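In: kindly return the folded structure for what I paste below:
(2 chains)
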Amino acid sequence: MLSWRSRLFRQTWHPSLEELVLHLDGEAGPGMERVGTHTKTCWACRLRLEKINRAVSEFMEARNSSFGGSSGFPPRELPNFALKLDRLEADCGSPNVLTGMLRSCSASLSFRPRRQPVFLALLCLIAVMLIRLNLAEPVSAKEILSRVGVAEARQLAQVSAPVIYQKLRLSRSSRNHVETATWEIWDDTKNHRIRQLVKNGSSSTRSALSIYHGLTQRPIPALPIAGELGKVLLSHGANVGMPLSSMNYAVWRDSIPEPTEAVIEGRLPNGEKAAILRVSGHGPFASDDIVEAELTVRAADWHAIGQRLRVQSHGEVVDYSLGELAFDVLVPDRLASSIFAEPVSDAVQTTHRSIEKAPPALSRSELHPAQPELPSEAELAAAEVEVWYALHSAQACIGRPIEVRRGSSLVEVEGVVDNDERKAQVLIALRGIPFVAAKITSSTESADKQGDKESPPVLEPPAPVDDSKAKLPVEDFLKRYFSAGKCAAGVKDAREACAEKEIAALSRQALAHSEQAREQAWALRRLAEWDLFRRRDKLRTSTRRLLELMVREHMTALRKELEESWTQLKPVLSLLPARQASSPRSETIETRDERVDWLAASLERLCATVDEITNLTLSTFAETNRPVDKPEVAMKDLLFKLDNVEREFPKLETDAAEELSGFSKTLVSVEKPDHK
Amino acid sequence: MQENYTTSEALSLDLELSFTMRSTSALRQKVTKIFELLRDPVYRYLYRVLENSDEAEDLTQEVFLRLYRHLHQGHTVTNIRAWVFRVAHNLAIDQQRKDTQRERLDLSGREEACDRGPGPEAVALEVEQQERLRQALTSLSIEEKHCLELRAEGLSYKEIAGILDMRMPTLVKYLGRIIKKLLQETAHA
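Out: Predicted structure coming up:
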């Protein structure tokens, strides 16, 4: 039963005008259902609702009919809008990503105050996580040594009865003398044989070779520099067969009285992370005592790659430093027999008492016979890639390229460089790479040789250039652009001068960037066309890593140059009208044809596009007596190609990196190539 | 009275929109798409409140150029349609303030529309309707006209309240008052 109050209320309540309007417009709100129910039963309200509806409808219909011919935005204005948008786009340039992100963050904070605490809490959480991630966990030297030991054991376990090959750069520095040498060691762990080759660093002619046999005693290398270190190693009971190892560092550690130890995080010259273990003792020290020892370990695979020993000598401390040049674990059966061959002459220097047999004296040609055993295909390939990388590091891969040829037993490097200083730089870069014959000449040497042979050619004077006609093919367009934009202010003369200055600066920069981009593209194309690049899946992991580094660095440099070009030219070029009419179809750089090496093909295609961009830039922004027929078409093509590269490049870069690093991952488990 | 916008082309006009991309071409593409979707209602709105087709054309373009600039600067738009109409509304108010001597709607176009009628009776009715409209229009303030036009363009009350910078209850009362005026005018007629 409803109360009298409820009944009275139900009889007297009618929705207000606002409620009816809300109901009419279908706006959700409290009490709207009640309005709906009420209007169904109350004829007065229903009438009112209809009145409102009719009044508004009539009003709007009348309005519509009065604006009958204007139901929409006139199509004739569409090109005008596109033009305005073009101008705006050109004026604004590229959007600032960082500003955008900051603004959106601040907007979300200022407009939604309830989110503030959540956002701050999230920020704190991220900060804590980042700090935790960045904070290096305190790792003890013992733990690092244990990891290095495990990694070494794992490497040795891959091959039964392995021969450990180490090639080290050894340097000895005392108070007034520095000496360097290359020290190669083949340690046959099964047969307890060690073969050592020590080469004096200053000349390749002087070398000494020893073969030793023995289980408990290890040999001392013949050359004085390595011999001294060998004595130190032996006197402390360290392993001469593997001088650069975690085991030896542990020996130094134990031999130092009252040691002070530190673990330092560092970076290798190639940017990889490294851990440096350092242990030092407190004097006084006797002769041959270790004063300080240091071991550098590559963090990526816990491999020891450098060692430094400071040894107390007579009245001075001598610094021995060992740096790894090469390391491999070899299969003994497939090793060239000449490496552990018996002696053929008595020209061997032996100093150790435990020698069972006189060591053989092998010539270099016996160590690396030309046919067919030494060097192996894998070694030559590795040497060739090292040469390419050395030239790349010395920036000798761009500009006038230096030729790299593969001989039967050597990698031949030949080329002409600008001057003697550059020649020295290139030779230094190539130093230490095995199986390399370098023939680098400077321009002056080359000219001298030419001069000896023949008289210098008589150069004809260059044809005079008609300066009055020489102007940029797009000069008129650029003048209009700058006069309407940057140089709009001032009197006419000042405007013209300003426009000319801007045009000169723009063309200079455009040409410079496109030329540099072309140089990088050509270097990439040389890589892509390189035989070893196409057979990269057959290379050693370390060799492939060098290949990957070269491709990455060239692509990064190329991207930078293209971005510079794009940023400078886009605002100007995008003002050209009716782009779509003459623009060619979109081109994809990356190609995924399974039958060919897609990466090489994609890189070659990229280089072709960069070539086209450079040619178009030259034909439009370089002063010439023979301008292009249709500069506008050339500019549109240039814009299109820049746009296309800008769009396609990041994907290609990512895919190339994945492809190259992917090989490294998949081939880790593959057996190492034979070492003959 | 409600008008549906084509939102099927992967662009929801009610969603938050922000650009954090590097390429201007992507930004341009988005703004062009929004322009295609909203240019007609915005133009219609501006034309009706300004009663000048040239001004409406210019201001319609200006609205979308402002959208480009706004997004380019890294701002975020929480509701594209509401944002666009709010800018259009503000531009229209500015324009109306400036145009103290603005040219009134050209009646010749309306006369042409009347001429399409079948006979003199229809013409007379049309003229009468125009008269009623004129009376109703004169009774409404600029703000009220804006409000009514926004409602006619199918914007929600929440969106209209945002554009006119009002609270929802105020807007409801405001609309009620406008409807009351319209009812009075039509009743007088």
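
In: only C-alpha atoms from now on, for both contacts and neighbour counts.
Out: Fine.

In: list the buried residues for the top strand by length along chain A?
Out: When secondary structure is assigned using DSSP state E, the longest strand within chain A turns out to be strand A:317-330. Within strand A:317-330, the residues scored as buried using 16 or more other Cα atoms under 10 Å in any protein chain shown are A:Val317, A:Val318, A:Asp319, A:Tyr320, A:Ser321, A:Leu322, A:Gly323, A:Glu324, A:Leu325, A:Asp328, A:Val329, A:Leu330.

In: put together TSV for those, with distance to A:Ile339 and pLDDT on each row.
Out: Putting the buried residues of strand A:317-330 into TSV (distance: Cα to Cα, whole Å; pLDDT from 0 to 100) gives the following:
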residue	distance to A:Ile339	pLDDT
A:Val317	36	84
A:Val318	32	85
A:Asp319	31	87
A:Tyr320	27	87
A:Ser321	26	87
A:Leu322	23	88
A:Gly323	23	87
A:Glu324	20	86
A:Leu325	19	83
A:Asp328	15	80
A:Val329	15	79
A:Leu330	12	78
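
In: could you dump those to JSON lines with distance to chain B?
Out: Output for the buried residues of strand A:317-330, formatted as JSON lines (distance: Cα to the nearest Cα, whole Å):
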{"residue": "A:Val317", "distance to chain B": "58"}
{"residue": "A:Val318", "distance to chain B": "57"}
{"residue": "A:Asp319", "distance to chain B": "53"}
{"residue": "A:Tyr320", "distance to chain B": "53"}
{"residue": "A:Ser321", "distance to chain B": "49"}
{"residue": "A:Leu322", "distance to chain B": "48"}
{"residue": "A:Gly323", "distance to chain B": "45"}
{"residue": "A:Glu324", "distance to chain B": "44"}
{"residue": "A:Leu325", "distance to chain B": "43"}
{"residue": "A:Asp328", "distance to chain B": "46"}
{"residue": "A:Val329", "distance to chain B": "48"}
{"residue": "A:Leu330", "distance to chain B": "51"}
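
In: is it true that A:Leu277 touches A:Glu294?
Out: Yes - if you go by Cα atoms under 8 Å, A:Leu277 and A:Glu294 touch, sitting 5.5 Å apart.

In: now what about the longest strand of chain A, what contacts it?
Out: A:155-156, A:159, A:162-175, A:229, A:244, A:291, A:305-312, A:672, A:674-675 (Cα atoms under 8 Å, 6 or more residues apart in numbering or on different chains).

In: just the buried ones from these?
Out: Listed as buried from the contacts of strand A:317-330 are A:156, A:162-172, A:229, A:244, A:291, A:305-312, A:672, A:674-675; burial here means 16+ other Cα under 10 Å.

In: burial count for whatever residue of the stretch 151-300 of chain A ends up closest to chain B?
Out: The nearest approach of the stretch 151-300 of chain A to chain B comes at A:Gly271, 28.5 Å away (Cα to the nearest Cα). A count of nearby residues for A:Gly271, using other Cα atoms under 10 Å in any protein chain shown, gives 8.

In: so which strand or helix has it?
Out: Using DSSP states H and E, A:Gly271 sits in no helix or strand.

In: look up phi and psi at it.
Out: Here is the backbone geometry of A:Gly271 (degrees, to the nearest 10): phi 90, psi -10.

In: what of A:Gly306?
Out: phi -160, psi 150.

In: what about it, distance to A:Phe327?
Out: Per Cα to Cα, to the nearest Å, A:Gly306 is found 12 Å from A:Phe327.

In: kindly report the same for A:Ile339.
Out: Note on A:Ile339: its distance to A:Phe327, by Cα to Cα, is 16 Å.

In: pLDDT value on residue 89, please?
Out: Let's take chain A. We have a pLDDT of 80 for A:Glu89.

In: not quite, go with chain B.
Out: The model's pLDDT for B:His89 equals 89.

In: and if you look at A:Glu379?
Out: pLDDT recorded at A:Glu379 is 78.

In: wait, a strand at it?
Out: No - assessed with DSSP: H, G, I helix; E, B strand; the rest coil, A:Glu379 is helix; it does not lie in a strand.

In: burial of it, as a residue count?
Out: A:Glu379: 21 surrounding residues under other Cα under 10 Å.

In: can you check A:Leu24 too?
Out: Neighbours of A:Leu24 using other Cα under 10 Å come to 15.

In: any buried residues in stretch B:59-79, and which?
Out: Residues B:59-65, B:67-69, B:71-77 are the ones in stretch B:59-79 that count as buried (16+ other Cα under 10 Å).

In: please apply the same query to stretch B:87-97.
Out: In stretch B:87-97, counting by 16+ other Cα under 10 Å, buried: B:Val87, B:Ala88, B:His89, B:Leu91, B:Ala92, B:Ile93, B:Gln95, B:Gln96.

In: stretch A:500-510 too?
Out: In stretch A:500-510, counting by 16+ other Cα under 10 Å, buried: A:Glu500, A:Glu502, A:Ile503, A:Ala504, A:Leu506, A:Ser507, A:Gln509, A:Ala510.

In: quick one: distance of that stretch to the chain centre.
Out: Distance of stretch A:500-510 from the chain centroid (Cα atoms, centre = their mean, to the nearest Å) equals 31 Å.

In: got it, and stretch A:521-528?
Out: Distance of stretch A:521-528 from the chain centroid (Cα atoms, centre = their mean) equals 15 Å.

In: please enumerate the strands of the chain.
Out: You didn't pick a chain, so chain A it is. Under DSSP E, chain A gives strands at A:163-173, A:178-188, A:193-200, A:207-213, A:260-267, A:273-280, A:290-298, A:303-312, A:317-330, A:403-406, A:411-417, A:436-442.

In: look at chain B instead
Out: For chain B, the strands defined by DSSP E occupy B:17-18, B:76-77.

In: low pLDDT regions in chain B?
Out: Within chain B, the ranges that satisfy pLDDT under 70 run B:1-23, B:99-120, B:122-123, B:126, B:129-130, B:132-133, B:186-189.

In: grab the longest helix from it for me.
Out: Ranked by number of residues, the top helix in chain B under DSSP state H is helix B:24-50.

In: need the contact list for A:Leu569.
Out: Counting by Cα under 8 Å, 6+ apart, A:Leu569 makes contact with A:Ala510, A:Leu639.
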